[in-house]
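Student: predicted model follows, preceded by the sequence.
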2 protein chains.
Amino acid sequence: MASLDILDVERIIRRAGAERVSEGAGQKLAEVLEEKAQEIAERAVRLSKYANKRTLTRADIEIALMYELGEMGKASPHAEFEKKAAGKRRPVPLAI
Amino acid sequence: MASLDILDVERIIRRAGAERVSEGAGQKLAEVLEEKAQEIAERAVRLSKYANKRTLTRADIEIALMYELGEMGKASPHAEFEKKAAGKRRPVPLAI
């Protein structure tokens, strides 16, 4: 762990309006962000390998984030399309 | 913006199994993490001020994250309690 710089994270908290920030606060937020980053990165690595790419690109991260949005129950960029398409054909599970 | 170090974020992606990582990939993930961090930090600042604290502590971040969990539709640590309590009293909106 400990990949993100705690000082960077503390700066974000201060910019959000905190007068002073305890060390634990920066640590905790850095931890949570890192877990989130790992989760998204793992999904992106999988997508990138699925597409036979040797370099993981912005597109892999973006697609990984769409899955993320879906999971959170918010509207994904595909939601509108999927709703229309659902009536017309059997859903095909995406096997990645 | 640009508070998180892109090199730190690229390291997380590489550790997740990417052979090579494009600059755009690191940038995009850093951006998304920073937005998320800002959102949580703003909530934590609000909670900290509500409690008349001058120093934002780990507890403020932790409580801000609980709201986060609620929003995502996952079980919050309070879910069980809230379910029980809901039958017994009128819900009181938390005005923060």
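Tutor: Received it, and whenever you're ready, just let me know what you need.
Student: what segments of chain A are helices?
Tutor: A:6-15, A:23-50, A:58-71, A:79-88 (DSSP state H).
Student: select, out of these, the one closest to B:Lys53.
Tutor: Closest of the helices of chain A to B:Lys53 is helix A:23-50, at 10.8 Å (criterion: CB to CB). Where you see a C-beta, it was placed from the backbone N, CA and C, and this is true even at glycine.
Student: in the closest one, which residues are buried?
Tutor: Residues A:25-34, A:36-38, A:40-49 are the ones in helix A:23-50 that count as buried (16 or more other CB atoms under 10 Å in any protein chain shown).
Student: do the same with stretch A:6-18
Tutor: So stretch A:6-18, judged by 16+ other CB under 10 Å, has buried residues A:6, A:8-14, A:16, A:18.
Student: where does chain A have low pLDDT?
Tutor: A:1-2, A:68-96 (pLDDT under 70).
Student: ok, 90 please
Tutor: A:1-3, A:67-96 (pLDDT under 90).
Student: I'd say A:Glu62 and B:Leu29 touch.
Tutor: No - with contact defined as CB atoms under 8 Å, A:Glu62 does not count as touching B:Leu29 (9.7 Å).
Student: same for chain B: which of the buried residues of helix A:23-50 are within range?
Tutor: A:25, A:27-29, A:32-34, A:36-38, A:40-42, A:44-45, A:48-49 (CB under 8 Å from any CB of the partner chain).
Student: could the helices of chain A be laid out in a markdown table, adding distance to B:Thr57?
Tutor: Compiled in a markdown table, the helices of chain A are given as follows (distance: least, CB to CB, whole Å):
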| stretch | distance to B:Thr57 |
| --- | --- |
| helix A:6-15 | 11 |
| helix A:23-50 | 5 |
| helix A:58-71 | 29 |
| helix A:79-88 | 38 |
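Student: mind checking these for the one nearest to B:Thr55?
Tutor: Short answer: helix A:23-50, nearest of the helices of chain A by CB to CB, at 8.3 Å.
Student: packing partners of the closest one?
Tutor: helix A:6-15, strand A:55-56, helix A:58-71, helix B:6-15, helix B:23-50, helix B:58-71 (3 or more CB pairs under 8 Å, 6 or more residues apart in numbering or on different chains; DSSP states H and E).
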